[in-house]
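A.B. asks: Using only what follows, build the 3D model:
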Amino acid sequence: MSAYVAEAVGEDSYAGHVSGIARSFRHPLSPLQRGMNRLLIAMVAIMIPLGGVLALALWLAVAPIVPEPHLIEKLRMLSQGTLTQPIDIFDLLLHTTPLVLLAVRRFTVSGEEADLRPASPAQTPHPAMDIGPDEGPVMVTVEYLIDPARAGEFAEVMRLTRQARLRQGALSWGLFRDTERPGRYVEYFVDETWVEHLRRQERFTADDVQLRGQRLAFHLGEAVPTVRRYVGAALEDGSK
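C.D. replies: Reported below is the predicted structural model:
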């Protein structure tokens with residue numbers, strides 16, 4: 001029967017040495033795992049202040065610095081037509097998403113800083129009849145009377161108005177001019193149901209108040225523009 005002689009104990013022993021290597025070993029992350037980690041960081045950016053979003057966007061735009069930022073690499077592959085692997089496409093989206101979030105968070109369509117503080121709409125609905133929450137669609141019309149010479153300026157403001165109405169949840173939007181009275185315009189937009197129309201009022205922001213002021217600056221009528229609301233009427237066959 002052979003005897004075993006211990007030459008070292010504790011951390012100096014062979015077992016201790018192997019255990020130390022095991023504790024310090026870190027399995028390298030796969031590209032997908034690294035991508036998922038960065039995606040989680042990007043998602044957190046939505047919930048942090050603009051400064052944090054800016055820092056994250058800049059970091060993802062240049063990371064890793066050596067040997068080459070992923071964003072530049074993927075954009076080059078895209079231009080060369082070699083961006084075909086799912087992991088490469090995912091990596092491109094990952095590195096560009098924070099930049100897009102930054103642009104949306106920081107700027108409005110006019111290039112100015114967005115003021116998304118809640119605000120009260122100018123007019124709240126006061127229907128003269130009972131309207132069920134699921135009744136619809138709801139069409140809203142707004143009548144403007146402007147100086148025909150300023151039609152171009154008015155059209156630009158209404159272009160911004162269209163984007164604002166759709167952002168608030170409108171299904172469609174349009175602007176019509178009166179064929180018999182130059183300078184008279186009718187704006188319309190449609191909400192899906194009455195309750196959606198009421199919810200759109202809750203999405204009104206300080207930016208919308210400013211935009212409303214720009215529209216009113218064109219109006220020449222003695223009173224504010226006339227606003228009318230219509231609810232879809234069911235026909236005998238049940239259609240609207």
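A.B. asks: buried ones in stretch 72-80?
C.D. replies: Glu73, Lys74, Met77 (16 or more other Cβ atoms under 10 Å). Quick note: C-beta positions are derived from backbone N, CA and C, even for glycine.
A.B. asks: can you tell me the helix or strand for the nearest residue to the second one once chain neighbours are set aside?
C.D. replies: This points to Lys74. Leaving aside its chain neighbours, Lys74 sits nearest to Leu92 (3.9 Å; criterion: Cβ to Cβ, 6 or more residues apart in numbering). In this structure, Leu92 sits in helix 86-106 according to DSSP states H and E.
A.B. asks: following that helix, which helix or strand shows up next?
C.D. replies: Next along the chain after helix 86-106, taking DSSP H and E as the criterion, comes strand 138-145.
A.B. asks: any idea of the mean pLDDT for that next one?
C.D. replies: Taken as a whole, strand 138-145 carries a mean pLDDT of 96.
A.B. asks: what is the orientation angle of the helix or strand just after it with strand 138-145?
C.D. replies: Per DSSP H and E, the first helix or strand lying C-terminal to strand 138-145 is helix 151-167. Computed by axes from the mean of the first three to the mean of the last three Cα atoms, to 10 degrees, the angle separating helix 151-167 from strand 138-145 equals 160 degrees.
A.B. asks: in helix 151-167, what's buried?
C.D. replies: Counting neighbours by 16+ other Cβ under 10 Å, one finds that the buried residues in helix 151-167 are Phe154, Val157, Met158, Leu160, Thr161, Arg162, Ala164, Arg165.
A.B. asks: what residue ranges in this protein score low on pLDDT?
C.D. replies: Judged by pLDDT under 70, the chain has its weakly predicted residues at 1-68, 70, 95, 98-116, 118-119, 121-122, 237-240.
A.B. asks: Export only the CA atoms of stretch 196-204, formatted as CSV.
C.D. replies: Only the C-alpha atoms of stretch 196-204 are listed here, as CSV (Å, rounded to 0.1, in the frame of the first residue of the first chain):
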residue,chain,number,x,y,z
GLU,A,196,-59.9,57.8,-28.4
HIS,A,197,-60.9,61.4,-29.2
LEU,A,198,-61.0,62.2,-25.5
ARG,A,199,-57.7,60.5,-24.9
ARG,A,200,-56.1,62.6,-27.6
GLN,A,201,-57.0,65.7,-25.5
GLU,A,202,-54.8,64.2,-22.8
ARG,A,203,-51.8,64.0,-25.1
PHE,A,204,-51.8,67.8,-25.6
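A.B. asks: what's the closest residue to Arg199 other than its chain neighbours in contact with, if anything?
C.D. replies: Among residues not flanking Arg199 along the chain, Gly169 sits closest, at 6.8 Å (Cβ to Cβ, 6+ apart). Neighbour list for Gly169: Asp191, Glu192, Glu196, Arg199, Arg200, Arg203 [criterion: Cβ atoms under 8 Å, 6 or more residues apart in numbering].
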